[in-house]
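> Fold the following and give me the result.
(one chain, ligands or ions: 2)
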Amino acid sequence: MANQQFIKGVLKGIAASSGIVIGRAFLVHRGKMRILQKAIDPPQVAAEIKRFKRAIERSKHQLLEIKEKITAEEVRRHFFILDVHLMFLDDTMLIQDTIEVIKNRRINAEWALDIIIGKLNTAFDTIEDEYLRERKSDVNYVAQRIFRNLMGSGHDDLAKIKGNVIVVAHDLSPADTIQMNLNHVAGFITDIGGRVSHTAILSRSLGIPAVVGLQTVTSMINGGDLLIIDGYGGTVIINPDEAISEEYIEKRKQIRLLEREVLKYATLPSETRDGYRIKMGANIELVEELPLAIRHGAEGIGLYRTEILYLNREDLPSEEEQFQTYRRIAEGIAPNSAVIRTLDVGGDKFPSKYGYDHEANPALGLRAIRFSIKEPQLFKIQLRGILRASAFGKLKVLFPMISGIPEVRKSKAILEEAKGELMGEGIPFDEGIEVGAMIEIPSASIIADTLAHEVDFFSIGTNDLIQYALAIDRTNEHVSYLYEPLHPAILRMIMGIVEAGHRAGIEVGICGEMAADPAYILILLGMGLDELSMTPFYIPRVKKILRRSSYEEAKQLLDEAYRLSTAAEIEDYVKKKMAERFPDDFTLGYHWDGTA
Ligand code: PEP
Ligand code: MG
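Ligands and ions are numbered 1, 2, ... in the order given. Prediction:
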């Protein structure tokens, strides 16, 4: 079936890393293997155990060899996963219990290991904690490696990948990913995984398009099949016909042209024709994204989400590790500033050490600042890391999910404690470090006037503000049609926050996705926001519109929008006006970033 030129299917997955690529599939066999079940005679037991131990040793040797061969800095950062795998190879439960089963039931090593893995998987399935579920996949990666070594089926030689291929796998362990010759990998697609799975994070930091969570893609693709990956929309097309290939080649050409064209705006000042300045910040999750942010014209980091430092690992990030990371950001973005948002985890995403119960309403549960205040030691370690790094550049601290003044005061008190400690230890930090509150809960927006006197700046998190104000779960596709950034209630809320902030003399920015949509720029400009922070990729585009607009026309547009009574009316009105004003930017058949 390979190489047939017909449309076999269009699959929808999770867009993990942006970009469009067309290439041939390279199938990585990481599926579950058929396990031979064989009884053995008592005299063979010792030899069987020896064979099993040899497979363990070979597996360890292979992992150590992978570690040695890797030199790229961005890849080395993921080494701890290899260490976790090595640790499993020494794990009593896995190794000793398998040996016991070989001995007691007199069966072959593969069968015995399969029984133990089955038990471990059942045990993992009863656990809610996301981190532990990740560990389940690590146990299975390790088991697959041992099986391959037992059965002598060898490994796909990932290091020998040639050409320009799209790697197709059920799942890729970081060990798999980092041993590939990444110069020959044009894209990744996997059956499982989400936006924060290792493959997704690694592919984003390496700039390789990826779609994950495709469920059964490995059973639908043969090695050598022609594939199109659309990493913007999360689509994969298998064996497209010529017309579709051409459509995507054209789409990619258009996006590249647009990107190249808008990139010209990256370094130009972010100001309107009538001289109104609005700062463009970048939202980043990885230090590796800094060069990209700067290239796209970011005038600072408006939001550094620190969650990734804490998740998918067994231990907690130390103060030193955090300090080093924040310092790299402070130095990398200098002379501009970076806003470090303190930990925003919760719901079903806690650092491994904290086994909180599953909550019925995680979005309304122990999230973000509530979690940090409940775990002050953990919070203080992060704040000390941020403070220490503030001696190396301009950093600001941002508290997420503030619902009222007591949370701000409590958080600031812990910050003061951290400052006091550092002072006592003679460690330098920026004593005047600015402190901000994310305004993303309606109660905070309503009391913005009093809250504004407690902090140095506001950052509006529209992703959550819309979710909580309109009671729309931001992850639920059944109600996504109600997720309306231009709902009259949202416009009034943002306007109220900006006015309250300005009356108190503090700056107000937006760091939610709403800031990245070029269609909304005039509305936000009209409201008088001081900063918009977004995924770096979107900055030049927003700047392009801004530089051809005036504050006066933005105010007029906002006034008109304010008079309308429904989200749909406002949306239609704004989009129509924007298409009239900027026909080249808003009348393409598809959205400029590749989405339909
Ligand atoms: C937001 O809620 O708008 C925001 C920027 O934060 P996050 O998306 O990380 O919740
Ligand atoms: Mg938020």
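> In the stretch 251-400 of the chain, where is pLDDT below threshold?
Flagging of the stretch 251-400 of the chain using pLDDT under 70 yields the residue ranges 312-314, 347-349, 352-353, 355, 357.
> what does stretch 330-340 rub up against?
281, 287, 290-291, 293-294, 298-304, 306, 326, 329, 386, 389-390, 392-398, 436, 459, 511, 533 (Cβ atoms under 8 Å, 6 or more residues apart in numbering). From N, CA and C alone the C-beta is placed, and that goes for glycine too.
> Dump whichever helix or strand Glu331 is part of to PDB, restricted to CA.
Using DSSP states H and E, Glu331 maps to helix 319-333. Presented in PDB, the C-alpha positions along helix 319-333 are these (Å, rounded to 0.1, in the frame of the first residue of the first chain):
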ATOM      1  CA  GLU A 319      16.000  26.900  44.300                       C
ATOM      2  CA  GLU A 320      19.300  26.700  42.400                       C
ATOM      3  CA  GLU A 321      17.800  25.200  39.300                       C
ATOM      4  CA  GLN A 322      15.000  27.800  39.300                       C
ATOM      5  CA  PHE A 323      17.500  30.600  39.900                       C
ATOM      6  CA  GLN A 324      19.600  29.400  36.900                       C
ATOM      7  CA  THR A 325      16.600  29.200  34.700                       C
ATOM      8  CA  TYR A 326      15.200  32.600  35.700                       C
ATOM      9  CA  ARG A 327      18.700  34.200  35.400                       C
ATOM     10  CA  ARG A 328      19.000  32.900  31.800                       C
ATOM     11  CA  ILE A 329      15.700  34.600  31.100                       C
ATOM     12  CA  ALA A 330      16.700  37.900  32.800                       C
ATOM     13  CA  GLU A 331      20.000  38.000  31.000                       C
ATOM     14  CA  GLY A 332      18.600  36.800  27.700                       C
ATOM     15  CA  ILE A 333      15.900  39.400  27.500                       C
END
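> quick one: buried residues of that helix?
Residues of helix 319-333 classed as buried: 319, 322-323, 325-330, 332-333 (neighbour count, 16 or more other Cβ atoms under 10 Å).
> Next, the buried residues of stretch 398-412.
Using 16+ other Cβ under 10 Å as the test for burial, stretch 398-412 gives 398-403, 405, 407-408, 410-411.
> before we move on, back to that, among the contacts of stretch 330-340, the buried ones, what's the ChimeraX command?
Entered in ChimeraX, the line below selects the buried ones among the contacts of stretch 330-340, by 16+ other Cβ under 10 Å:
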select :281,287,290,293,294,298,299,300,301,302,303,304,306,326,329,386,389,390,392,393,394,395,396,397,398,436,459,511,533
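> filter the contacts of stretch 330-340 by proximity to ligand 1?
Within the set of these, contact with ligand 1 (Cβ under 6 Å from any ligand atom) is found for 303, 511.
> and the contacts of stretch 330-340, which of them are in strands?
281, 301-304, 394-398, 436, 459, 533 (DSSP state E).
> Switch those over to JSON lines; also include distance to Lys419.
Formatted as JSON lines, the ones in strands among the contacts of stretch 330-340 follow (distance: Cβ to Cβ, whole Å):
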{"residue": "Gly281", "distance to Lys419": "25"}
{"residue": "Ile301", "distance to Lys419": "22"}
{"residue": "Gly302", "distance to Lys419": "24"}
{"residue": "Leu303", "distance to Lys419": "23"}
{"residue": "Tyr304", "distance to Lys419": "20"}
{"residue": "Lys394", "distance to Lys419": "17"}
{"residue": "Leu395", "distance to Lys419": "13"}
{"residue": "Lys396", "distance to Lys419": "15"}
{"residue": "Val397", "distance to Lys419": "11"}
{"residue": "Leu398", "distance to Lys419": "17"}
{"residue": "Gly436", "distance to Lys419": "17"}
{"residue": "Ser459", "distance to Lys419": "22"}
{"residue": "Ser533", "distance to Lys419": "26"}
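> ok, those vs ligand 1, which is closest?
When the ones in strands among the contacts of stretch 330-340 are ranked by distance to ligand 1 (Cβ to the nearest ligand atom), Leu303 comes first, at 5.9 Å.
> Which residue ranges of the stretch 401-550 of the chain form helices?
Under the criterion DSSP state H, counting those that start in this stretch, the stretch 401-550 of the chain contains helices at 405-425, 442-446, 448-451, 462-470, 488-503, 521-527, 539-547.
> nearest to ligand 2, of those?
helix 462-470 (3.7 Å; Cβ to the ion).
> who touches the closest residue to Leu465 other than its chain neighbours in this structure?
Nearest residue to Leu465, sequence neighbours excluded (Cβ to Cβ, 6 or more residues apart in numbering): Glu440, at 4.7 Å. Counting by Cβ under 8 Å, 6+ apart, Glu440 touches 400-402, 460-465, 468, 512.
> May I ask which of those has the most neighbours?
Ile460 (31 neighbours; other Cβ atoms under 10 Å).
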